[in-house]
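Novice: With the sequence up front, the predicted model follows.
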Amino acid sequence: MVKKRFEVRFQPDGLRVSVDGGTILSDAMKAAGIKIQLPCGGTGRCGKCSVEVHPDPPEPNDVNRRHLTGEELGKGMRLACQTTIDRDMSVLISPNLRVMDGKILVDGIDRTFDMAPLIVKTCVSLPEPSLDDQVADLYRVKRALGYPDETCPDFDFDLLRELPDTIREARFTVTAVTADSRLIAIEPGDTTDCLYGIAFDIGTTTVVGTIIDLKTGREMSHASRLNEQVVYGEDTISRIKHVIEHSGGGNDMQAKILGVVNEIIHEAAAHAGVRTDDLYEAVFVGNTTMSHLFLGLNPKGLSHIPFVPVTGAGVYRRAGNAGIAINPRGSIFFLPNIAGFVGSDTVGVMLACNCLEPGPVQLIVDVGTNGELALRHDSSLTVCSTAAGPALEGAQLTCGMRAADGAIEHVRITPEAFEYDVIGGTEPVGLCGSGIIDLVAELLEAGVIDQNGTLISSDDARGAIYDHLAVRMFVNEGQPALMLYEPPPESGTLRRVMLTQGDVRQIQLAKGAIRAGINLILASEGLTQDDLDEILLAGAFGNYIKKSSAQRIGLLPGIPPERIRFVGNAASTGAKMALLSANARRDADRIRHLTKHIELAALPGFMNEFMNTILFP
């Protein structure tokens, strides 16, 4: 029986797509080339993919009824991942639902190190062959490069096919390109001025690439994108699940990230004014799951205890074989991982922060969907990861979102006013991580939230808190909530920005997991927070939050604020160091072998510590 087809028109794009009856609306969006955020991977858990369906929306299922109000359902709002197409329809997609470029951190810390890139270019003038000099073309190049007679550099076989024509058309003046003494290319003429590489930090949410001149170490340009794997879920577990449960799921994931990486390469190269063929190496860092999905490795072992990766070693591949849009004879290198949930991004941070050298008692905190912690104490290096979940990044909250236009990023509460800053200067559509931390900290100070994390009820609010906050309190699904922003009626949208009691609980769980990890990694070395000389906050989240707010909610220890400093995108700095220095790569491998990994969940005191740190100070 032939399935009936229906036409779906997406607004405001005006895009049309014809699909079989029974197609899920979110799949129809993919078919139309529209990218939307599916934080829960399309399972219906988060309720954040609502769209307006017109003129006659399909009957809502139970999941739609659970997440959407009667007013929203009456307006035609439906969850894209839970709506089956059974008629022609027009679908309005809000801007905040789309996958868009957000506020992405690209700068890291400054770090001095010995520059010695693996890629080297040498221009040589070859003597022409004669009856007196019948040396083969390859050995003629080898001789000019100064290799002893009894040795020869490794080389790519494809190079031999092109070698005779290249050297003769160039009248025997050529440039040899070597990578760690391996001969990878012979180019006509003198091309020694064109020698570049690119360093990547592949995050679960964002990807940043930086083109670097390998002769001088100068950063030429950078570009960034959201990791388009988000269409399969905000977190690594959702993405691993997609790979396991769907035929070709691994190919889906790899295609997404390769597409993003290659877009960044082309954009950054255009900005730098260099050819992609003049990029001879790409170095990558990322968490262990990202490395597996990028390299096409099976991530199944990371989905269950004991969370075993396929490999922890650094991985080299030829760029052409890996599908990376640099010189196909060039190479890619993914730095080593330490454990299933402590990846090469943490290695990059530790490399950038010079953790191999003696120094003060230093705690590195990199908060994301997983919180990675690294402790240096004397000559000991210890790491652990905490399953914080994405709440502190905005996901799983009623009005949480990424740091993009429309996100409230900072909050201030005084006796007279409730004030906030919005990214892009637009009307607010949600809360990002830094705004969430600020808001909870300010509400704790104002008495709206107590130590247990309980929001004051609307009945008790008047007279107990500031008047301007009391009028914002209301009841949402039987629980206290605080209205941050309500759009005017003429806006035609129901997108209110609020904080609910359930949101506060999610924040407590996330910050409790991180703080428990901090306390336990210190205890593993016989230390307390008073022994800390400094805390380094790495990554975008750490760079944008206020130290005072993070300490007020108990996310960070209460040490003097001047001993807490931001190190920016230190993972990216580590990748740049590895691109520019063979010694840095060796240091990265030393970090991998010397670092002790603690599995927090296996510690007897973890649950008690976690329950204690859920409470607010």
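Specialist: Here it is on my side, so go on. Please read these numbers as outputs of a predicted model, since none were measured by experiment.

Novice: average pLDDT for stretch 18-37?
Specialist: The pLDDT scores in stretch 18-37 average 84.

Novice: To clarify, my last question referred to stretch 426-440.
Specialist: Here stretch 426-440 scores 88 as its mean pLDDT.

Novice: What residue spans form the domains of the chain?
Specialist: According to automatic domain parsing, the chain comprises the domains 5-97, 119-188, 197-334, 354-390+507-614, 394-503.

Novice: in the stretch 351-500 of the chain, which spans are helices?
Specialist: Using DSSP state H, counting those that start in this stretch, the helices of the stretch 351-500 of the chain run over 433-446, 458-461, 467-470.

Novice: one step back: now mean neighbour count too, for the domains of the chain, in JSON lines please.
Specialist: Where C-beta positions appear, they are placed from N, C-alpha and C, glycine not excepted. Formatted as JSON lines, the domains of the chain follow (neighbours: other Cβ atoms under 10 Å):
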{"stretch": "domain 5-97", "mean neighbour count": "17"}
{"stretch": "domain 119-188", "mean neighbour count": "15"}
{"stretch": "domain 197-334", "mean neighbour count": "20"}
{"stretch": "domain 354-390+507-614", "mean neighbour count": "20"}
{"stretch": "domain 394-503", "mean neighbour count": "19"}
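
Novice: Throw those domains into a markdown table and include distance to Arg111, thanks.
Specialist: Below are those laid out as a markdown table (distance: least, Cβ to Cβ, whole Å):
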| stretch | distance to Arg111 |
| --- | --- |
| domain 5-97 | 34 |
| domain 119-188 | 20 |
| domain 197-334 | 11 |
| domain 354-390+507-614 | 6 |
| domain 394-503 | 25 |
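
Novice: So for the chain, the centremost residue is which one?
Specialist: Nearest residue to the geometric centre of the chain (Cα atoms, centre = their mean): Gly203, 2.0 Å.

Novice: Next, the nearest residue to that one once chain neighbours are set aside: phi, psi?
Specialist: Spatial nearest neighbour of Gly203, chain neighbours left out: Asn227 (6.4 Å); criterion: Cβ to Cβ, 6 or more residues apart in numbering. Phi and psi for Asn227, reported as degrees, to the nearest 10, are phi -70, psi 110.

Novice: unless I'm mixing things up, Asn227 is touching Val208, no?
Specialist: No - using Cβ atoms under 8 Å, Asn227 is not in contact with Val208, being 10.4 Å away.

Novice: pLDDT below threshold where in the stretch 151-300 of the chain?
Specialist: 151-153 (pLDDT under 70).

Novice: quick one: the helices in it?
Specialist: Under DSSP H, counting those that start in this stretch, the stretch 151-300 of the chain gives helices at 157-169, 236-245, 249-272, 288-295.

Novice: Tabulate those in TSV, adding columns for distance to Gly517.
Specialist: Listed next are the helices of the stretch 151-300 of the chain as TSV, based on distance: least, Cβ to Cβ, whole Å:
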stretch	distance to Gly517
helix 157-169	49
helix 236-245	17
helix 249-272	28
helix 288-295	17
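
Novice: and Arg505, which of those helices is closest to it?
Specialist: Arg505 sits nearest to helix 236-245 of all these, at 20.1 Å, using Cβ to Cβ.

Novice: Would you mind extracting the C-alpha trace of that closest one into CSV?
Specialist: Only the C-alpha atoms of helix 236-245 are listed here, as CSV (Å, rounded to 0.1, in the frame of the first residue of the first chain):
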residue,chain,number,x,y,z
THR,A,236,27.3,12.7,25.3
ILE,A,237,25.1,9.9,26.6
SER,A,238,22.3,10.8,24.2
ARG,A,239,24.7,10.7,21.3
ILE,A,240,26.2,7.4,22.4
LYS,A,241,22.7,6.0,22.6
HIS,A,242,22.0,7.2,19.1
VAL,A,243,25.1,5.4,17.8
ILE,A,244,24.1,2.2,19.6
GLU,A,245,20.4,2.1,18.8
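
Novice: hmm, who's touching it?
Specialist: Here helix 236-245 makes contact (Cβ atoms under 8 Å, 6 or more residues apart in numbering) with 40-41, 43, 204, 229, 232-233, 249-250, 252-253, 287, 289-290, 293, 298-300, 302-303, 369-370.

Novice: repeat that for 7 Å
Specialist: Contact partners of helix 236-245, identified using Cβ atoms under 7 Å, 6 or more residues apart in numbering, comprise 40-41, 204, 229, 232-233, 249-250, 252-253, 287, 289, 293, 299-300, 302-303, 369.

Novice: quick revisit: of all the helices of the stretch 351-500 of the chain, which lies closest to Asn452?
Specialist: Shortest distance between Asn452 and those, using Cβ to Cβ, is found for helix 433-446: 11.2 Å.

Novice: who does the closest one touch, helix- and strand-wise?
Specialist: Counting contacts by 3 or more Cβ pairs under 7 Å, 6 or more residues apart in numbering; DSSP states H and E, helix 433-446 packs against strand 407-413, helix 501-523, helix 547-552.

Novice: can we see that at 6 Å?
Specialist: In terms of contacts (3 or more Cβ pairs under 6 Å, 6 or more residues apart in numbering; DSSP states H and E), helix 433-446 is packed against strand 407-413, helix 547-552.

Novice: Identify whichever of those lies nearest to Pro328.
Specialist: Closest to Pro328 of these is strand 407-413 (Cβ to Cβ; 39.9 Å).

Novice: for the record, mean pLDDT for that closest one?
Specialist: Throughout strand 407-413, pLDDT has a mean value of 92.

Novice: quick one: strands adjacent to it?
Specialist: Here strand 407-413 has these sheet partners by DSSP bridges: strand 418-422 (antiparallel), strand 430-431 (parallel).

Novice: From the rest of the structure, what touches that strand?
Specialist: Contacts with strand 407-413, where a contact means Cβ atoms under 6 Å, 6 or more residues apart in numbering, come from 401, 419-423, 428, 430-432, 434-435, 438-439, 442, 446.

Novice: Please repeat the previous calculation with a cut-off of 8 Å.
Specialist: Strand 407-413 has contacts (Cβ under 8 Å, 6+ apart) with 102-103, 394, 401, 403, 418-423, 428-432, 434-435, 438-439, 442-443, 445-446, 466, 469, 484-485, 497, 544, 546.

Novice: now do stretch 298-315
Specialist: By Cβ under 8 Å, 6+ apart, stretch 298-315 touches 236-237, 239-241, 243-244, 250, 288-289, 291-293, 295, 297, 333-341, 344, 585, 588-589, 592, 599.
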